[in-house]
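>>> Okay, here's the prediction I keep looking at, along with the sequence it came from:
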Amino acid sequence: SQTIHQWPATLVQPVGSPLSLECTVEGTSNPNLYWYRQAAGRGLQLLFYSVGIGQISSEVPQNLSASRPQDRQFILSSKKLLLSDSGFYLCAWTAVSAYGYTFGSGTRLTVV
Amino acid sequence: GESVGLHLPTLSVQEGDNSIINCAYSNSASDYFIWYKQESGKGPQFIIDIRSNMDKRQGQRVTVLLNKTVKHLSLQIAATQPGDSAVYFCADSGGYQKVTFGTGTKLQVIP
């Protein structure tokens, strides 16, 4: 069966520090991968999505970047975090020919 | 479409009553619709889906209704339980690559 792993679960980082969040999917190949952010009490904001290795589409201009170095690995990064980067970050995947997402358990990022 | 900047609307329901959560979508080309449940501190989980060639689909204690004429989707939860307390998101897709999420509704179950 397919599983999605996301880590860390919680992270507290100072302003100006770098960020690296990792997401991996098991049990499938060539998944579509997504990074979402959710501010407290808000909806889901699509940040990046990828349909293949090295293929990244950005939905909003921001302080973050994404990379897909391997088929089932998706990384969210920042060189210098801002206070406004605080939020709940969710990775998700879907099969190429399927609809609907399966979400990871999320990372709660607090920038202080 | 997305409404990521808005506070979530809240629906309060007495335990045992039925809950109805509504959602409007804007993309006429959407052909697949999903409801997700997100408990506090967790990622959203799939509840039920429906394709555009259907107007009703039932699961265990949940029913989704689709009205394509007015672009409206609803989730009905029968005999609401405390464990149903969560944020519920509708989502629509006109293609597999991107899914558009609704604002979300917070369901509070009153014991």
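Perfect, thanks for sending it.

>>> So which bits of stretch A:65-78 are buried?
Neighbour-count burial for stretch A:65-78 flags A:Ala66, A:Ser67, A:Arg68, A:Asp71, A:Arg72, A:Phe74, A:Ile75, A:Leu76, A:Ser78 (criterion: 16 or more other Cβ atoms under 10 Å in any protein chain shown). For the C-beta atoms, the positions are set from N, CA and C on the backbone; glycine is no exception.

>>> Measure how far that stretch is from the centre of its chain, please.
8 Å (Cα atoms, centre = their mean, to the nearest Å).

>>> among the buried residues of stretch A:65-78, which are in helices?
With helices taken from DSSP state H, there is no overlap with the buried residues of stretch A:65-78.

>>> Next, format those residues as TSV and append pLDDT.
As requested, those are arranged in TSV below (pLDDT from 0 to 100):
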residue	pLDDT
A:Ala66	96
A:Ser67	97
A:Arg68	97
A:Asp71	96
A:Arg72	96
A:Phe74	97
A:Ile75	97
A:Leu76	97
A:Ser78	96
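
>>> Can you say which two of those are spatially most distant?
A:Asp71 and A:Ser78 (23.5 Å; Cβ to Cβ).

>>> Listing request: residues of chain A with sub-threshold pLDDT.
Scanning chain A for pLDDT under 70 picks out the ranges A:61, A:96-99.

>>> and the residue nearest to the spatial centre of it, how far is that from B:Gly16?
By Cα atoms, centre = their mean, chain A has its centre lying nearest to A:Trp35, at 3.2 Å. Distance of A:Trp35 to B:Gly16, computed by Cβ to Cβ, to the nearest Å: 39 Å.

>>> sorry, back to before: looks like the residue nearest to the centre of chain A contacts A:Trp93 (just checking).
No: counting by Cβ atoms under 8 Å, A:Trp35 stays clear of A:Trp93, with 10.8 Å between them.

>>> Tell me the pLDDT of the residue in chain B that chain A sits nearest to.
Of all residues in chain B, the one sitting closest to chain A is B:Gly43 (3.5 Å; Cβ to the nearest Cβ). B:Gly43 carries a pLDDT score of 91 in this model.

>>> Correct me if wrong, but it is in a strand.
No: using DSSP: H, G, I helix; E, B strand; the rest coil, the assignment for B:Gly43 is coil, not a strand.

>>> Tell me the spatial nearest neighbour of it, not counting adjacent residues.
A:Phe103 (3.5 Å; Cβ to Cβ, 6 or more residues apart in numbering or on different chains).

>>> tell me the contacts of the one you found?
A:Ile4, A:Tyr36, A:Leu90, A:Cys91, A:Ala92, B:Tyr36, B:Gly43, B:Pro44, B:Gln45 (Cβ atoms under 8 Å, 6 or more residues apart in numbering or on different chains).

>>> Type out the ChimeraX command that picks the buried ones from these.
In ChimeraX syntax, the buried subset of the contacts of A:Phe103 is picked out as below (16+ other Cβ under 10 Å):
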select /A:4,36,90,91,92 /B:36,43,44
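
>>> between the contacts of A:Phe103, which is nearest A:Leu21?
Once Cβ to Cβ is applied, the member of the contacts of A:Phe103 that ends up nearest A:Leu21 is A:Cys91, at 7.7 Å.
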